[in-house]
Structures are given as structure tokens and as C-alpha cells.
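In: With the sequence up front, the predicted model follows.
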Amino acid sequence: MPELPEVEVTRLGVAPHLEGRLVDSVLLRRDGLRWPFPPALPTLLAGQRILSVGRRGKYLLIHFAHGTLIIHLGMSGHLRVLPPGTELKKHDHFDLVVGSGAGQQVLRLHDPRRFGAVLWHPNDDGELDSHLLLRGLGVEPLEDGFSGGLLFRASRKRSAPVKQFLLAGDVVVGVGNIYACESLFRAGINPKTAAGRISRGRYDKLAVAIREILAEAIVQGGSTLRDFIAVNGRSGYFQQTYFVYDREGVPCRNCGAPVRRIVQGQRSTFYCVNCQK
DNA sequence: CTGGAGACCTGGATGC
DNA sequence: TGCATCCAGGTCTCCA
């Protein structure tokens, strides 16, 4: 579920409930997800104040004075802010309880497939950017530094299809399977084209498309933010109007030709043979 | 360095 | 109804 917009909407949703508050306790309901939970987490965080909630790519970063809690939602994870005592559901793996008394709230991580992660980076372990999982990440697509020029330069000598080039995350972060498909459609680029054979001008168009599509998705998600504190929290995310993703055989919204599905790197790619050359 | 395949998991949809 | 198969929003690890 979570690509960059979903993670950013999650960040916007949970931050007001976390920032400035003291951690009461941490509950680990299993040993870990993709990697083991740091067993010392409850001790490390109890009584500590949350300074801010940030994001790097698809990683959520909960900053404390002495380190950062790194949370990844994997394929199926989501976070909710709930009243204490909320009934536990299957696959609720991790709680961060903040505040005390009537103001207490629980940040709860739910992740059926368990591809997510909860990790701890102590400040005395060096810069957060040098953390093993963060060090190889590309630029943020919504920040300065992301441009068609960057995509163009980074793609020279890359023979992989442009779809895979975007998904790899070492040049630009946060573009997952859905938004890679949608961005390439908006830019009119065939996902199979070798990244290194795409012109500067077409990358300019692609960079704009990526920016616009991610920003639009975040705006749409913003309208559902209160779901993050709903007890029976519905999806919390949003229904994006896709142009090609998950629309195999359906007429292209632009030209009417049936949308095609192919497999690249063991992932589905959806595109329009007419509109994407 | 680059690129491709396998790995990690559960659950929902589909087909016989 | 039951069971098998396929598919899913990520990304690390290993190998050629």
C-alpha cells in the first residue's frame, strides 16, 4: 500500500499527536518484522520526548534527543493513532504509547505481511543519513535537487528499462510501482525504454510528471487525515484516479486503446502502447 | 558498477 | 464448500 504519498499522509496524520509528547511505554508483540525489533526499545524510549516526525523516502523518522526511531510500512503496513485500550486486531505488532491520563494515545503499527520494519538509530552512531538503510537513497522528488537534468545525468550508461530505473530508488526515492506507472503514462514514455536512451527533454517532462502526481496524491490523502484517529479507522488512505495502474484491458482514458499489462522485474507494469512511445 | 532473480509473509480474488 | 493458484502498494541479498 504505501508509496511516498501514503507515507507522507501518514506522517502528516500522526505528527500532531506525537510531536512534543512524552513516551509512556512501548509494546513489542513479536520479535520483529522484516528485521528483529531492537529488544531495548521499551527501555530506550520510555520517558523520552518526541521532538519531531520526519520522512526520508518511504521511511518515517521519529526523532528524539538521543536518536531516531525508523519505521517502514513495507507492502501492507499502516499506522493509526488510537485511544488506549482499543481492541487489538490480528497483525497489530507494535505500540508506542504517548502522554498520560486522559490525554494518552497509542500509535499502533499493523502489518499483515510483515515486510515492514522498526529500527533504532542512536545519535552516537553517526549521522542518520549514514544508516545502512538510508545511505543509498536517492533525492527526494518533492524537494530541490530533483529535476529532469538529474534523471538524465544519472541514467547515462544505464541499460535497465526506465520503469526499473525509477523503482530502484538510488536516484530518486519514493516512486513505487503505482506512481512509476502513472508518471510514465503522464510523460508519454514507454516503460520498457532503456533509461540511458531517453533524452534530456523527455526526462524534464518525466520529472514534472512525478512531482505533480505525488503532490496530487498527497493533497487527496490530506482530506482523509482524520481517519488516522478514528477508532474503526477505515483505509485512512485514498482512492487515486489511476490512468493505467490496475487497468489491464480497460480503455486508455486518453486514446481508448486497451491498457496493457506486462511484467518487469517480477512486478506488473501497466501502460498504453499508443500514448507511451 | 549494473542488472536480474529469489527471498521474506499473509490474505483476498479467482477458478475448478 | 474446499482447495489450488495467482497476485498484491517494498527492498534487501546474492549471484552472474
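Out: Perfect, thanks for sending it. Numbers count the residues shown, from 1 in each chain, chains lettered A, B, ... in the order given.

In: What residue spans form the domains of chain A?
Out: Listed by automatic domain parsing, the domain ranges of chain A are A:4-130, A:148-271.

In: Least confident of those, on average?
Out: For the domains of chain A, the bottom mean pLDDT is recorded on domain A:148-271, which sits at a mean of 88.

In: Out of the domains of chain A, which is closest to DNA strand C?
Out: domain A:148-271 (2.1 Å; CB to the nearest atom of the strand). All C-beta spots, glycine's among them, are computed from the backbone N, C-alpha and C.

In: Between its first and last residues, what's the separation in that closest one?
Out: Counting by CA to CA, to the nearest Å, you get 21 Å between the two ends of domain A:148-271.

In: so does it get close to DNA strand B?
Out: Yes. Domain A:148-271 is in contact with DNA strand B by CB under 7 Å from any atom of the strand, via A:157-161, A:164-165, A:168, A:170, A:195-196, A:265-266.

In: Any chance of a markdown table for those residues, columns distance to DNA strand C?
Out: Formatted as a markdown table, those follow (distance: CB to the nearest atom of the strand, whole Å):
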| residue | distance to DNA strand C |
| --- | --- |
| A:K157 | 15 |
| A:R158 | 14 |
| A:S159 | 12 |
| A:A160 | 12 |
| A:P161 | 14 |
| A:Q164 | 10 |
| A:F165 | 13 |
| A:A168 | 9 |
| A:D170 | 8 |
| A:A195 | 17 |
| A:G196 | 17 |
| A:G265 | 7 |
| A:Q266 | 7 |
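
In: Out of the residues you listed, grab the one that's most surrounded.
Out: Comparing the residues of domain A:148-271 next to DNA strand B by number of neighbours (other CB atoms under 10 Å), A:F165 comes first, having 25 neighbours.

In: so does the longest helix seen in chain A get close to DNA strand C?
Out: In chain A, ranked by residue count with DSSP state H as the criterion, the top helix is helix A:200-222. No. Using CB under 7 Å from any atom of the strand, helix A:200-222 stays clear of DNA strand C, coming no nearer than 8.6 Å.

In: What residues sit buried inside that helix?
Out: Using 16 or more other CB atoms under 10 Å as the test for burial, helix A:200-222 gives A:202-207, A:209-211, A:213-214, A:217-218, A:220-221.

In: just checking, what packs against the helix or strand following it?
Out: Using DSSP states H and E, the helix or strand that follows helix A:200-222 in sequence is strand A:260-264. Using 3 or more CB pairs under 8 Å, 6 or more residues apart in numbering; DSSP states H and E, the elements in contact with strand A:260-264 are strand A:267-271.

In: The residue in the stretch 1-150 of chain A positioned nearest to DNA strand B: neighbour count?
Out: Nearest to DNA strand B in the stretch 1-150 of chain A, going by CB to the nearest atom of the strand, is A:R113, at a distance of 3.4 Å. A:R113: 12 surrounding residues under other CB under 10 Å.

In: Contact partners for the residue nearest to it when sequence neighbours are not counted?
Out: Take A:R113 and drop its neighbours on the chain: the residue closest to it by CB to CB, 6 or more residues apart in numbering is A:S76, 4.2 Å away. Neighbouring residues of A:S76 by CB atoms under 8 Å, 6 or more residues apart in numbering: A:M1, A:D111, A:P112, A:R113, A:F115, A:G116.

In: now that we have those residues, which one has the most neighbours?
Out: A:G116 (25 neighbours).

In: Quick check: it vs A:R55, distance?
Out: A:G116 sits 15 Å away from A:R55, going by CB to CB, to the nearest Å.

In: Same question for A:I70.
Out: With CB to CB as the criterion, A:I70 and A:R55 are 11 Å apart.

In: list residues touching both of the two?
Out: A:L61.

In: List the strands paired with the helix or strand harbouring A:W120, with their directions.
Out: Assigned by DSSP H and E, A:W120 belongs to strand A:117-122. Sheet partners assigned to strand A:117-122 using DSSP bridges are listed as strand A:67-72 (antiparallel).

In: Would the strand it pairs with count as contacting DNA strand C?
Out: Yes. Strand A:67-72 is in contact with DNA strand C by CB under 7 Å from any atom of the strand, via A:H72.

In: Just the C-alphas of that strand, formatted as PDB.
Out: In PDB, the C-alpha atoms belonging to strand A:67-72 read as follows (Å, rounded to 0.1, in the frame of the first residue of the first chain):
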ATOM      1  CA  GLY A  67      18.300   9.000  18.500                       C
ATOM      2  CA  THR A  68      15.700   8.300  15.800                       C
ATOM      3  CA  LEU A  69      13.000   5.600  15.600                       C
ATOM      4  CA  ILE A  70      12.900   4.400  12.000                       C
ATOM      5  CA  ILE A  71       9.600   2.900  10.700                       C
ATOM      6  CA  HIS A  72       9.000   1.400   7.300                       C
END
